[in-house]
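# sequence and predicted structure, then a few things I'm wondering about:
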Amino acid sequence: MALIRLSMTMSLDGYVTGPQDSVDAPMGIDGFRLFNWLDRRNDPGPSGQVFTELMSTRAVIAGRRTYELAGRWQGDHHDGVPVFVLTHDVPDDPPPGSVRYVTDVRECASQARAAAGNGDVMVHGAGAAQALLRAGQLDELELHVVPVLLGQGRRLFDNLPAEHIELNLVRRLTTPEVEELAQHVTHLRYRVRRP
Amino acid sequence: MESLPVEAVESVVLDDRKRKDEIVGKTVMGAVVSLDGFIADDNDGVGPLFDWYGNGDVTWAFEGADDECRTTQASADFMRSQYRDVAAVVIGRRLFDLTNGWNGKPAAGEHVFVVTHQPPTDWEHADTAPFTFIDGVEKAIAAAKEFAGDRVATGGLAEPLRLENPTTIVPGDRVTHLVYDVSR
């Protein structure tokens, strides 16, 4: 069965944007610092490998906020794979391209798994990640941990209950020392332990 | 569901001399932290965060401490090398109160500097313990560094931090030890 895997870039102190993120500044103040590693996405090496894997997923789940801030990806995230947007409030206009709107998180997860077939499902956005974690529907977390302390911003692991979610580290990739400092990142892949 | 076997995760431990050069006279912040950034629950309990201190078959202890740790070989080697040169420790008043100042025995190092505006007046170990109470974090770090000389002070000043790749990554059981250098 297709795995549902979160892919998020996070500062070492747990933020996915800088402070005061908004429609005009989707990454908040200086938050684009987090994405420097993507400059290496088409190069050989860990960051290139990870990016290629992301682009090989066969379905996408995104939160509404991420979806809107990304300009709805003009209806195509990559290769025309189905994009399931989790939202409380379905827009009136029909979804563009391969996008579908889903209001129930479990329904969203099962539709995405079915759509991905033998591939995997990529999850985008802190809100979607939290909803899937709360529903017990997230299988893996691929965190691109950037060695910077942003100090403030939007927290990835917010709005979660006090119950522990145990994780197993299944892979760790670190950029080589020679690469430019700003592009340093550690890609950590954790599997969610099921009771 | 399996974790990655330990040998499959490359372990980058700097050799002793290089490490020594890099840490002499430095201030190091250390913490056991969950992936989502917590160091304790709402009741100050550490819960599974400290499981790795007791889930292995290698027994060791911090210098001068009463309690023994039982960790994997990798965690034991890492912790011993990481704390071997620690001379002084800087803590806040909260940790001091939670642990009753580790009953007067530094959990690591030889001397503890406690940042507080109001030193305790009724601590039973006040006369004998190698603890100093200091009003202000900058002063405490300075005092710890002076005490440590060319050794290591652990604690930390909250400055805007830019880090580099982890210089050390050690896989343990239910823990990954990461050491980051702060670039200035």
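All right, it came through fine.

# list the residues that contact the nearest residue to residue A:108 once chain neighbours are set aside.
Nearest residue to residue A:108, sequence neighbours excluded (Cβ to Cβ, 6 or more residues apart in numbering or on different chains): residue A:102, at 3.9 Å. Every C-beta, even on glycine, is put in place using the N, C-alpha and C of the backbone. Applying Cβ atoms under 8 Å, 6 or more residues apart in numbering or on different chains, we find residue A:102 in contact with A:84, A:85, A:86, A:87, A:108, A:111.

# likewise for residue A:162?
B:41, B:42.

# can you give me the buried ones in the strand or helix carrying residue A:107?
Counting by DSSP states H and E, the element that carries residue A:107 is helix A:105-116. By 16 or more other Cβ atoms under 10 Å in any protein chain shown, the buried positions in helix A:105-116 come out as A:105, A:108, A:109, A:111, A:112, A:113, A:115, A:116.

# now do the contacts for the fifth one.
Which is residue A:112. A:2, A:4, A:59, A:60, A:61, A:82, A:84, A:121.

# nearest to chain B among those residues?
Chain B lies nearest to residue A:4 out of these, by Cβ to the nearest Cβ, at 14.8 Å.

# which residue ranges of chain B form strands?
All strands of chain B, identified by DSSP state E, fall at B:27-28, B:58-60, B:69-71, B:86-92, B:111-115, B:131-134, B:152-154, B:162-171, B:176-183.

# contacts for the second one?
The contact list for strand B:58-60, computed with Cβ under 8 Å, 6+ apart, reads B:68, B:69, B:70, B:71, B:72, B:73, B:75, B:76, B:79, B:80.

# ok, and which of the residues you listed reach chain A?
Here nothing survives when those are matched to chain A using Cβ under 8 Å from any Cβ of the partner chain.

# buried members of the residues you listed into PyMOL, please.
Buried residues among the contacts of strand B:58-60 (16+ other Cβ under 10 Å), as a PyMOL selection:
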select buried, chain B and resi 69+71+72+75+76+79
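
# now the contacts of strand B:58-60 as TSV including pLDDT?
Converted to TSV, the contacts of strand B:58-60 look like this (pLDDT from 0 to 100):
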residue	pLDDT
B:68	91
B:69	94
B:70	95
B:71	95
B:72	94
B:73	94
B:75	93
B:76	93
B:79	89
B:80	87
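
# got a markdown table for the contacts of strand B:58-60, with distance to residue A:152 too?
Shown next, in a markdown table, are the contacts of strand B:58-60 (distance: Cβ to Cβ, whole Å):
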| residue | distance to residue A:152 |
| --- | --- |
| B:68 | 40 |
| B:69 | 35 |
| B:70 | 39 |
| B:71 | 35 |
| B:72 | 36 |
| B:73 | 39 |
| B:75 | 32 |
| B:76 | 37 |
| B:79 | 32 |
| B:80 | 36 |
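
# quick check: the residue positioned nearest the centre of chain B vs residue B:79, distance?
In chain B, the C-alpha nearest the mean C-alpha coordinate belongs to residue B:30, at 4.0 Å (Cα atoms, centre = their mean). Going from residue B:30 to residue B:79 by Cβ to Cβ, to the nearest Å gives 10 Å.

# again, but for residue B:168
Residue B:168 is 12 Å from residue B:79, by Cβ to Cβ.

# any shared contact partners between the two?
residue B:177.

# so which bits of chain A are right by chain B?
With Cβ under 8 Å from any Cβ as the criterion, chain A meets chain B at residues A:12-14, A:143, A:147-149, A:151, A:155-157, A:160, A:162, A:164, A:166-172, A:174-175, A:177, A:181, A:184, A:186, A:188, A:190-191, A:193-194.

# which of those residues are buried, as a PyMOL select command?
Applied in PyMOL, the following selects the buried portion of those according to 16+ other Cβ under 10 Å:
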select buried, chain A and resi 12+14+143+147+148+149+155+156+157+167+169+170+172+174+175+184+186+188+190+191
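
# which ones among the residues of chain A next to chain B are found in strands?
Filtering those for strands - DSSP E - leaves A:143, A:167, A:168, A:169, A:170, A:171, A:172, A:174, A:186, A:188, A:190, A:191.

# and which of those is nearest chain B?
residue A:168 (4.2 Å).

# check what pLDDT that closest one gets.
Note on residue A:168: pLDDT of 94.

# correct me if wrong: it contacts residue A:188.
No - counting by Cβ atoms under 8 Å, residue A:168 stays clear of residue A:188, with 11.1 Å between them.

# shaky segments in chain B?
B:1-25, B:155-162, B:184 (pLDDT under 70).

# can you tell me how far residue B:164 is from residue A:185?
With distances taken as Cβ to Cβ, residue B:164 is found 11 Å from residue A:185.

# more crowded one of the two?
Neighbours per residue (other Cβ atoms under 10 Å in any protein chain shown) separate residue B:164 from residue A:185, with residue A:185 holding more: 28 against 14.

# shouldn't that one be in contact with residue A:176?
No - assessed by Cβ under 8 Å, residue A:185 is found out of contact with residue A:176, at 11.2 Å.

# what touches both of the two?
Common contacts of residue A:185 and residue A:176 (Cβ under 8 Å, 6+ apart): residue A:46.

# surely residue A:152 and residue A:18 touch.
Yes - the pair residue A:152 / residue A:18 is scored as a contact, 7.2 Å apart, by Cβ under 8 Å.

# more neighbours, these two?
Set residue A:152 next to residue A:18 and count neighbours by other Cβ under 10 Å: residue A:18 wins out with 21 against 14.

# wait, what's in contact with that one?
Residues in contact with residue A:18 (Cβ under 8 Å, 6+ apart) are A:27, A:28, A:29, A:30, A:31, A:33, A:150, A:152, A:153.

# export these as CSV, with columns for pLDDT, distance to residue B:39 and secondary structure.
Below are the contacts of residue A:18 laid out as CSV (pLDDT from 0 to 100; distance: Cβ to Cβ, whole Å; DSSP: H, G, I helix; E, B strand; the rest coil):
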residue, pLDDT, distance to residue B:39, secondary structure
A:27, 94, 27, coil
A:28, 94, 25, coil
A:29, 93, 26, coil
A:30, 93, 26, coil
A:31, 94, 25, helix
A:33, 94, 25, helix
A:150, 93, 18, coil
A:152, 94, 18, coil
A:153, 95, 19, coil
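
# alright, calling it a day.
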